[in-house]
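With the sequence up front, the predicted model follows.
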Amino acid sequence: MAYKAGFLGLIGQPNAGKSTLMNYLVDEKVSIVSSKPQTTRRRILGIWSTDQGQVVFVDAPGVIKAEKGLNSFLAREANEVISDSDALLAIVSVDEEKPEHAEQIVDMVAKSGKPWMGIITKADIEEKAHRVLILKDMIEKKGGKALSISVKESLQDSEEREALLIELLTMMPESPAPLYDIELFTSENVREMVAEVIREKCFECVHQEVPYSLAVRIIKFDENASPIPKIYAEILVSRESHKAIVIGKGAAVIKEIGMKARKEIEKIMDSKVFLDLKVQAKPEWFENKRIMKELGYATKSE
């Protein structure tokens, strides 16, 4: 069998379970996961390699329509993933509130002219189980194969995961060699992963709407510091009032963010680390092109 390798774009509405699915397929934590929608802000690559080939999963931001600032970047980023991928997965969730949103995703992917498949997520939600058949029917009518998956249940079944990966590999084009080093499971560097972990912990610990206008930038990353690596990061918020929420009473919230983030960063770096977090208010940073670019929120066309 010829060696195959290519990019597989994960396309879905915000909160359809794309990041959870990618982490499950790659069998590593690559993309941050939150119960809040629109957590993924730029494409994140997850890599699965086998002797027969390599699938590079591209977790795109959820599909939205927007004209300016961060949301416009998210919309363009999702569209670029569709045009740059060799094949696509239309990811629809049984708990999608509006059926037309699921149909919009399936339509978009089917019209791309690329090999594609539909994946129905969160299939373990019992009271919505009847929707699996409705979504399956919708995908098949557009000419796609439909698979339903519950990552929670499938985590115990590595054979099911392997079978799905081998099926996804068949959609990839032939390639003379892997696209990435076969030892890698992501193209993200440690610095980028650290910033994403801190952002994820902000989503976990801050319960108001603040995370949507929040970003993280690494100010200093000294891996060779003695006795342990030192990381200085800044959490950007768009209003002074948000700064107080992220810090919390008696700095309780920022301490919790720091503790949770540090534990996860230590797993990634396989060593103890020193983590220093500061919170800065930068009004409307998400409409400032320079700051957006500095944070990595700029598409190839910019």
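Cool, got the structure.

Next, the buried residues of stretch 238-258.
238, 242-243, 245-247, 253-254, 257-258 (16 or more other CB atoms under 10 Å). Using the backbone N, CA and C atoms, a C-beta is placed for each residue, glycine as well.

same question, stretch 220-234
Neighbour-count burial for stretch 220-234, counted by 16+ other CB under 10 Å, picks out 221, 229, 231, 233-234.

Where do the helices of the stretch 201-302 of the chain begin and end?
Taking DSSP state H, counting those that start in this stretch as the criterion, the stretch 201-302 of the chain carries its helices at 240-247, 252-269, 289-294.

Got the domain ranges for the protein?
4-169, 190-294 (automatic domain parsing).

Of those, which is nearest E183?
domain 4-169 (8.1 Å; CB to CB).

what about the stretch 101-250 of the chain, any weak spots by pLDDT?
151-157, 187-189, 208-212 (pLDDT under 70).

Make TSV out of the buried residues of stretch 220-234 and add distance to E204.
Shown next, in TSV, are these (distance: CB to CB, whole Å):
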residue	distance to E204
F221	22
P229	23
I231	19
A233	16
E234	19
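
Most tightly packed of the domains of the chain?
domain 4-169 (a mean of 19; mean count of other CB atoms under 10 Å).

how far does that one sit from the chain's center?
10 Å (CA atoms, centre = their mean, to the nearest Å).

Mind giving me the packing neighbours of the helix or strand Q54 falls within?
Assigned by DSSP states H and E, Q54 belongs to strand 53-59. Judged by 3 or more CB pairs under 8 Å, 6 or more residues apart in numbering; DSSP states H and E, the packing partners of strand 53-59 are strand 4-12, helix 18-26, strand 44-50, helix 158-169.

still on that earlier bit, distance to E100 for the buried residues of stretch 238-258 - can I get that in a markdown table?
A markdown table is the format used below for these (distance: CB to CB, whole Å):
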| residue | distance to E100 |
| --- | --- |
| S238 | 31 |
| H242 | 33 |
| K243 | 38 |
| I245 | 34 |
| V246 | 36 |
| I247 | 41 |
| V253 | 38 |
| I254 | 40 |
| I257 | 37 |
| G258 | 42 |
